[in-house]
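Peer 1: fold the following and give me the result.
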Amino acid sequence: MPYAFDPEIAAAIPMIPEADDYKDVPATRRWMKEMRARVVGEPDTTGVSVRDEFVPGADGAPEVRLRVYVPDRLAAPAAIYDVHGGGFMLGDVEGSHANNLRFARELGVVVVSVDYRLAPEAPFPAGLEDCYAGLVWTSKHAPELGVDPDRIVLHGGSAGGGLCAGLALLARDRGGPAIAFQLLRMPEIDDRLQTPSMQAFVDTPLWSLPKAEFSWDCYLGEGVRGTEGVSAYAAPSRATDLTNLPPAYISVMEFDPLRDEGIAYAQALLAAGVTTELHLFPGTFHGSMMVEHASVSKRDAAEVFAVLARALGVELG
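Peer 2: The predicted structure follows:
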């Protein structure tokens, strides 16, 4: 069906690469790494020290790799805990490496990025438990990182946004680490796939109803999505108690199947008394911010920095 994409974004759609067969997960992972090497190149590490930490997993699970970014100039004793996207089955810390370098350098805060286990090899709750283990480590080691453990902000997009939302619920219910704020970009949070946007957008670029179905089948297991008993930690839209969660910022894209679940989650958070900001970017689709020259993409990127700066207590120059 035709979509009223922003003209700057629409012009770039033919140049946006897509994997040949998204259901061949190993091949898609290889393709993503090859594309990243060709397109991104070697990121600028000026002004930031980067190291990997391997921390204990939950209940005998494998160690979890964290990538830690410490800026030479620390503007505030605060940290971003970053969870990458990829439909629960793709991505790694390398994919968000360049962006996290920018966060650390330009915001002047520590960034910790978690390399969680991926579905379908490691379905729910493996990835979420890895995220939780990394958050626990970050909070515990906050003093040596120069971070106030009460000033840790979650940041994630797509499946990463869904994992951040689940992580906020899990930390609240376990009495775990404090979370100061949750920034959820295009969060993937509802396995039922019944919202109007999800049902309508079956052929949109980069993300669509068929891809969402496959993503949830990988994460939850075949035949589980949409059934009774799916955990709210896996699909936070199912949560019935959203009280006492950290303040939130949620962004959605107009022609993204995930649009309506993000809007509904923002409304539910507000109804539960959680301070929440919601922004819908017009003429966009899931992942369209990769068209960096488009004005709407620049507004999205600028707003992420502004919202993070406010949540972290940092003055932007």
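Peer 1: buried residues in stretch 1-18?
Peer 2: Phe5, Asp6, Glu8, Ile9, Ala10, Ala12 (16 or more other Cβ atoms under 10 Å). Where C-beta positions appear, they are placed from N, C-alpha and C, glycine not excepted.
Peer 1: and it, how far apart are its ends?
Peer 2: Stretch 1-18 has an end-to-end distance of 19 Å (Cα to Cα, to the nearest Å).
Peer 1: which residues does it contact?
Peer 2: 35, 200, 203-206, 255, 282-285, 288, 290-291, 293-297 (Cβ atoms under 8 Å, 6 or more residues apart in numbering).
Peer 1: helices - which of those residues land there?
Peer 2: If you go by DSSP state H, the contacts of stretch 1-18 have Met35, Ala200, Ser295, Val296, Ser297 in helices.
Peer 1: from Leu107, how far out is the last one?
Peer 2: In this structure, Ser297 and Leu107 are separated by 19 Å, where distance is defined by Cβ to Cβ, to the nearest Å.
Peer 1: could you report the neighbour count for the closest residue to Val55 other than its chain neighbours?
Peer 2: Closest residue in space to Val55, ignoring its immediate chain neighbours: Trp137 at 4.1 Å, by Cβ to Cβ, 6 or more residues apart in numbering. Neighbourhood size, Trp137 [other Cβ atoms under 10 Å]: 20.
Peer 1: distance of the residue nearest to Trp207 when sequence neighbours are not counted from Met89?
Peer 2: What sits nearest to Trp207 in space, not counting adjacent residues and going by Cβ to Cβ, 6+ apart, is His286, at 3.6 Å. Plainly put, His286 is 15 Å away from Met89 if you go by Cβ to Cβ.
Peer 1: and those two? which has more neighbours close in?
Peer 2: Neighbours per residue (other Cβ under 10 Å) separate His286 from Met89, with His286 holding more: 25 against 22.
Peer 1: quick revisit: the residue nearest to Trp207 contacts Leu206, correct?
Peer 2: Yes: assessed by Cβ atoms under 8 Å, His286 is found in contact with Leu206 at 5.2 Å.
Peer 1: below-threshold pLDDT in the stretch 101-250 of the chain: ranges please.
Peer 2: Applying pLDDT under 70 to the stretch 101-250 of the chain picks out no residues at all.
Peer 1: can you show me the strands along it?
Peer 2: Using DSSP state E, counting those that start in this stretch, the strands of the stretch 101-250 of the chain run over 110-115, 152-157, 181-185, 248-253.
Peer 1: what pLDDT does Gly41 get?
Peer 2: Predicted confidence (pLDDT) for Gly41: 73.
Peer 1: give me phi/psi at it?
Peer 2: Dihedral pair for Gly41: phi 70, psi -160, per degrees, to the nearest 10.
Peer 1: so how many other residues sit close to it?
Peer 2: Gly41: 9 surrounding residues under other Cβ under 10 Å.
Peer 1: what's near enough to touch it?
Peer 2: Gly41 touches nothing, counting by Cβ under 8 Å, 6+ apart.
Peer 1: compute the distance between it and Val48, please.
Peer 2: Computed with Cβ to Cβ, the distance linking Gly41 and Val48 is 17 Å.
Peer 1: thinking again about what came up before, restricted to strands, list the buried residues of stretch 1-18.
Peer 2: Judged by DSSP state E, the buried residues of stretch 1-18 include no members of strands.
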